[in-house]
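K.L.:
got a predicted structure plus its sequence, pasted below:
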Amino acid sequence: MSTYRNIHGRSIKSISTDPTTAVSEGEIWYNTSSNVFKSILVSEAWSSSSPVIKNTYRAGSAGTQTSALLFGGSSTPPFSFFADTQEYGGSGFSSGGAMAQARWGLRGAGTQTAGLGFGGYIGPPGPPSKNSALTEEYNGTAWTTSPNSMGTGRYALGGAGTQTSALAFGGKIYPGADQSVTEEYDGSSWTGGGALPSARTRLTGCGPSNNDALAVGTLTSGVCSTYDGTSWTDTGSLGTARYRGGSSGSTSSAITYGGSTHPGVSNVTATESFDGSTWSTSPATMGTARYAFGYAGVVNSAVAMSGHTNTVMTGVTEEYAVSANVITGAAWASGPSINTARRGGNAGAVGSSTAGLIWCGVIGPGSLTNATEEYNGSSWSNSNNYPISTQNVGGAGTQAAGIGFGGSLPPQTTTANDYNGTSWTGITAMPTATWIPSGTGTAAAALSSGGTNPSGASTTTTLEWDDSAWTAGGSLSTGRRYFAGFGSQSDSLAPGGTTAPGAISAVTEKYNGSTWSSGNAMVTTIRAHAASAQSSTSAGLNMCGTTDDSTSSAATFEYDGTSWRTNASTAATRLEAFGIGDSTSAHIISGISPWPTPGAVITATEIFSGETTSLNVKTLTQS
């Protein structure tokens, strides 16, 4: 008689708490606290990730789930055509090098550091014909144009393979018919391959090389075909016929997901698995039904990026995984409201997600407040007021030991004050009146950087506080105001802001205690954003603000010590909000939502939780 020990080589363990680290699939243990048997279950699922930088559809894509490319594409009518490249690192997007030719309906192959983009359409539908045969190669930083273009320029084609072994198949030539042509790329030139069994457009494809590729679906059918380096063979059709979806894998094992049915253009969330001959429906469904999105990955690990929902373009990113882990994506959730709605208070994140501090701000047109509020992890309470009612005051420190400096009454002020956890006390004034400075550091070692000087210009001034006096530090390279930095007096970051009225910056500068140096630029220009409180520049968040001065933003950007990438968006757009917390547990508080109209100052807060991974533990029953 076979026993569990005979099969698995181990006995059933008795433990009081479930394991938190990886164990073997199917391993069973007895939980003595809950008096039940448990095991690890491997499951298929889609989970949310950070949105793209720029919404796009009909774009090219390549890479893996943790290192993907999204490039080109277009907007909805009136059409704009993109040359942008967005790099996905497994948790968020950063900007890459621009393509030589803006186009849509192109395909991609390869990796994030050795990518290939080919085909597409240049310009809106209609004459004159602008079918593209252009081929571009990406090295992880920049695109270069291959001297050898495709033999047949076309768009809405399928693609597979790598930068040195790629396949292009099917597609459409405007204003001509759908195509069955196949071309093989060897890293330098294209040559003709075996034709598809039937002409197809708006199909998807996957495969590791031009000798192992899968063509999936088409405009009017769920037909699928495999390619062996010489010819195509029709194989099992999809359970749900669709087109303009995504696919990942090879001719022996693959998945397809999303897309649209025809006629009727009904978007689907279904995922189907391929075993080399037939397709079966997966229990995993996408969270957002869409088509014409970017996709990358392999059979057990894929990513879907941006696309169209049939009403609007979406920036949604979702990841597919077959894993023993449950992945919960980073997200914002509603938090407790503050007592006094305001915007433009302390410019600097002060305190943690369980002990935060905010003060001052604008409560309405021409009306300022000096109200101070503390957060204990569950609710906000009023504390003793700041000595003056002001706006856009610099701030640093913690709930138990904070500092406020500068601001505008108006006019700008030199006033500075310490907070001891209960009340405020005046300290040595700043040498120069400053409005909208960024504050970082502690109450005993604070840094004031940038802001607006009494003449109304953005300043490069940096001031250091040593708990008794202010002294001049190294100047910013670019005078800016309305930016939210984080870090310490000897290790601080100055991202984004306004250089002059109407001029918003993406510049990032880093301070080492004496001088500022240039860092990697932010994902986009942004000002009047909030920050999470960090003691160093190794990790941090910037939230909301405005990217173009025409609307408030819901964007979150994460800094990893070197570069910026997107993270989960807030539910509400906000401008001149407050921030507390850190890169894994942050709060964004109050602000104007939306802006510029109707521009209501709100009491609402939102709480950020970073991505988590946990074992998929299943309780065993007799049923």
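P.N.:
Yep, that arrived.
K.L.:
quick one: low-confidence parts of the chain?
P.N.:
Within the chain, the ranges that satisfy pLDDT under 70 run 1-11, 20-26, 38, 40, 124-129, 622-623.
K.L.:
one more time with 80, if that's ok
P.N.:
Within the chain, the ranges that satisfy pLDDT under 80 run 1-11, 13, 18-30, 33-42, 123-129, 264-265, 324-325, 533-534, 615-623.
K.L.:
could you chop this protein up by domain?
P.N.:
4-40, 49-323, 332-606 (automatic domain parsing).
K.L.:
ok, which of the ones you listed comes nearest residue 618?
P.N.:
Shortest distance between residue 618 and the domains of the chain, using CB to CB, is found for domain 4-40: 5.4 Å. The C-beta positions use only the backbone N, C-alpha and C, and glycine is treated the same way.
K.L.:
in terms of helices and strands, where is residue 79?
P.N.:
Of the helices and strands defined by DSSP states H and E, none includes residue 79.
K.L.:
neighbours around it, how many?
P.N.:
Neighbour count of residue 79, defined by other CB atoms under 10 Å: 11.
K.L.:
ok, now residue 98?
P.N.:
By other CB under 10 Å, 15 other residues sit near residue 98.
K.L.:
how far does stretch 302-318 sit from the chain's center?
P.N.:
Remark: stretch 302-318 is offset 13 Å from the chain centroid, using CA atoms, centre = their mean, to the nearest Å.
K.L.:
show me what counts as buried in it.
P.N.:
Residues 302-308, 313-318 are the ones in stretch 302-318 that count as buried (16 or more other CB atoms under 10 Å).
K.L.:
between which two of those is the distance greatest?
P.N.:
Of all pairs in the buried residues of stretch 302-318, the most separated under CB to CB is 302 and 313 at 20.6 Å.
K.L.:
which residues of the stretch 251-400 of the chain fall in strands?
P.N.:
Assigned by DSSP state E, counting those that start in this stretch, the strands in the stretch 251-400 of the chain fall at 254-257, 270-274, 279-285, 294-298, 301-305, 317-323, 325-328, 331-335, 346-347, 356-364, 367-375, 380-383, 393-397.
K.L.:
can you say which of the domains of the chain is nearest to residue 620?
P.N.:
Using CB to CB, the nearest of those to residue 620 is domain 4-40, at 4.3 Å.
K.L.:
wait, residue 397 sits on residue 447?
P.N.:
No. The pair residue 397 / residue 447 is not scored as a contact, 11.3 Å apart, by CB atoms under 8 Å.
K.L.:
same drill for those two, tell me which one is more crowded.
P.N.:
It is residue 447, of residue 397 and residue 447, that has more neighbours when counted by other CB under 10 Å, with 28 against 24.
K.L.:
report all helices and strands that whichever strand or helix holds that one contacts.
P.N.:
Secondary structure from DSSP H and E places residue 447 in strand 446-449. With contacts taken as 3 or more CB pairs under 8 Å, 6 or more residues apart in numbering; DSSP states H and E, strand 446-449 sits against strand 393-397, strand 402-405, strand 438-441, strand 462-465, strand 491-495.
K.L.:
between those, which gets nearest to residue 145?
P.N.:
Closest of those to residue 145 is strand 491-495, at 33.4 Å (criterion: CB to CB).
K.L.:
ok, the buried residues of stretch 302-318 vs residue 408, which is closest?
P.N.:
Of all the buried residues of stretch 302-318, residue 408 sits closest to residue 315, with 35.3 Å by CB to CB.
K.L.:
please name the nearest non-neighbouring residue to the closest one.
P.N.:
Distances taken as CB to CB, 6 or more residues apart in numbering place residue 51 nearest to residue 315, at 3.7 Å, with adjacent residues excluded.
K.L.:
likewise residue 572?
P.N.:
residue 593 (4.6 Å).
K.L.:
give me the neighbour count for the one you found.
P.N.:
Neighbours of residue 593 (other CB under 10 Å): 22.
K.L.:
does residue 303 touch residue 316 like I think?
P.N.:
No. Contact between residue 303 and residue 316 fails when scored by CB under 8 Å: they sit 11.1 Å apart.
K.L.:
thought the residue nearest to residue 315 was touching residue 557?
P.N.:
No. Applying CB under 8 Å, one finds residue 51 not in contact with residue 557, separated by 11.0 Å.
K.L.:
overlap in contacts, these two.
P.N.:
The contact sets of residue 51 and residue 557 overlap at residue 566 (CB atoms under 8 Å, 6 or more residues apart in numbering).
K.L.:
so the two - more neighbours on which side?
P.N.:
Higher neighbour count among residue 51 and residue 557: residue 557, with 28 against 22, using other CB under 10 Å.
K.L.:
residue contacts, that one?
P.N.:
By CB under 8 Å, 6+ apart, the residues touching residue 557 are 92, 522, 523, 526, 541, 542, 543, 564, 565, 566, 567.
K.L.:
so what's the closest residue to residue 544 other than its chain neighbours bridging to?
P.N.:
Spatial nearest neighbour of residue 544, excluding adjacent residues (CB to CB, 6+ apart): residue 574 at 4.1 Å. Beta-bridge partners for residue 574, by DSSP bridges, are residue 553.
K.L.:
related to what we said a few turns ago, give me the common contacts of residue 397 and residue 447.
P.N.:
By CB under 8 Å, 6+ apart, the residues touching both residue 397 and residue 447 are residue 441.
K.L.:
and the closest residue to residue 337 other than its chain neighbours, backbone torsions?
P.N.:
Nearest in space to residue 337, with sequence neighbours left out and distances taken as CB to CB, 6+ apart, is residue 603 at 4.0 Å. Phi and psi for residue 603, reported as degrees, to the nearest 10, are phi -100, psi -10.
K.L.:
returning to that earlier point: surely the residue nearest to residue 572 meets residue 571?
P.N.:
No. Counting by CB under 8 Å, residue 593 stays clear of residue 571, with 9.6 Å between them.
K.L.:
which residues do these two both contact?
P.N.:
Counting by CB under 8 Å, 6+ apart, residue 593 and residue 571 have no shared contacts at all.
K.L.:
what about the strands in the stretch 1-150 of the chain?
P.N.:
Using DSSP E, counting those that start in this stretch, the strands assigned to the stretch 1-150 of the chain run over residues 13-15, 28-31, 36-40, 43-49, 60-64, 67-71, 85-88, 93-95, 107-110, 115-118, 135-138, 143-145.
K.L.:
just to check, residue 469 is in contact with residue 428?
P.N.:
Yes. Residue 469 lies in contact with residue 428 (CB under 8 Å); the separation is 5.7 Å.
K.L.:
of the two, give the one with the bigger neighbour count.
P.N.:
Between residue 469 and residue 428, counted using other CB under 10 Å, the more crowded position is residue 428 (13 against 10).
K.L.:
give me the secondary structure label for the more buried one.
P.N.:
Three-state assignment for residue 428 (DSSP: H, G, I helix; E, B strand; the rest coil): coil.
K.L.:
any idea how far it is from residue 372?
P.N.:
Going from residue 428 to residue 372 by CB to CB, to the nearest Å gives 21 Å.
K.L.:
do the same with residue 412
P.N.:
Residue 412 is 21 Å from residue 372, by CB to CB.
K.L.:
equivalent analysis for residue 250, please.
P.N.:
For residue 250, the distance to residue 372 - CB to CB - is 61 Å.
K.L.:
right, I'll leave it there.
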